[in-house]
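> can't give you the sequence, but here's the structure:
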């Protein structure tokens with residue numbers, strides 16, 4: 001039984017091998033070339049896509065580096081600013097507050113002293129005005145003393161702006177009036193005597209002629 005079954009198994013294996021060989025497709029050369037061309041085109045397409053992806057990745061990488069540098073600079077500036085702000089808040093602000101308090105205290109003192117200072121300024125202005133008036137009077141008196149006597153008498157008699165007192169004006173004008181009256185009286189007497197002498201001369205001349 002065993003010897004009969006062995007040739008049958010060998011025959012069955014040969015038949016199955018022949019059937020498997022008939023089932024496997026046989027590739028033709030044209031289909032193989034077309035498959036190779038499509039594979040190569042796909043490979044080139046993938047290669048181009050990979051290169052484009054690499055270029056995009058390089059650009060994105062450079063942009064990311066630039067952004068990273070920019071963020072680093074920004075963070076550095078923020079850190080420096082925060083340090084400065086902290087230093088100002090710990091050192092500068094108290095100093096400013098102290099100086100402001102001192103200035104406010106000085107302003108309060110000045111506000112208290114302001115009325116007294118204002119009164120002193122008014123007194124100084126009054127003294128200055130008085131000194132200026134005195135200096136003006138002294139200049140006028142010096143100019144008056146430097147003028148000739150005739151001009152002084154003329155100014156006292158004929159003008160109301162002479163820098164002398166009213167008593168002097170009255171006295172000089174009264175004296176001028178008296179002198180003027182005396183001169184007019186003397187002139188009148190002289191003229192009257194001349195007229196009389198002229199008449200007498202005419203009378204004596206007629207007598208002598210006769």
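Sure, I can see it. Because the structure is predicted, anything quoted here is derived from the model rather than measured.
> This structure: helices as residue ranges?
Taking DSSP state H, the helices of the chain run over residues 2-23, 29-87, 93-146, 149-158, 166-209.
> would you turn those into JSON lines with mean neighbour count and mean pLDDT?
Heads up, the C-betas are built off the backbone N, CA and C, glycines and all. Listed next are these as JSON lines, based on neighbours: other CB atoms under 10 Å; pLDDT from 0 to 100:
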{"stretch": "helix 2-23", "mean neighbour count": "9", "mean pLDDT": "46"}
{"stretch": "helix 29-87", "mean neighbour count": "10", "mean pLDDT": "84"}
{"stretch": "helix 93-146", "mean neighbour count": "10", "mean pLDDT": "87"}
{"stretch": "helix 149-158", "mean neighbour count": "13", "mean pLDDT": "80"}
{"stretch": "helix 166-209", "mean neighbour count": "10", "mean pLDDT": "80"}
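> Tell me how far residue 118 lies from residue 111.
Distance of residue 118 to residue 111, computed by CB to CB, to the nearest Å: 12 Å.
> before we move on, what about residue 165?
In terms of CB to CB, residue 165 sits 49 Å off from residue 111.
> Then residue 47?
As judged by CB to CB, residue 47 and residue 111 stand 89 Å apart.
> repeat for residue 86
Distance from residue 86 to residue 111, by CB to CB: 37 Å.
> swap in residue 90?
33 Å.
> likewise residue 135?
Applying CB to CB to residue 135 and residue 111 gives a distance of 36 Å.
> Next up, the contacts around the closest residue to residue 137 other than its chain neighbours.
Excluding its sequence neighbours, the residue lying closest to residue 137 (CB to CB, 6 or more residues apart in numbering) is residue 163, at 7.7 Å. Contact analysis of residue 163 by CB atoms under 8 Å, 6 or more residues apart in numbering lists 137, 140, 141, 144.
> which ones are touching residue 155?
Per CB under 8 Å, 6+ apart, neighbours of residue 155: 147, 161, 162.
> which of those are buried?
With neighbours counted using 16 or more other CB atoms under 10 Å, those contain these buried positions: residue 162.
> okay, the contacts of residue 155 in TSV with pLDDT next?
Output for these, formatted as TSV (pLDDT from 0 to 100):
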residue	pLDDT
147	79
161	75
162	74
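> Closest one of the contacts of residue 155 to residue 76?
residue 161 (85.7 Å; CB to CB).
> Against residue 119, how distant is the nearest residue to that closest one once chain neighbours are set aside?
Excluding the flanking residues, the one nearest residue 161 by CB to CB, 6+ apart is residue 155, at 7.3 Å. Plainly put, residue 155 is 42 Å away from residue 119 if you go by CB to CB.
> For residue 184, give its distance to residue 120.
For residue 184, the distance to residue 120 - CB to CB - is 62 Å.
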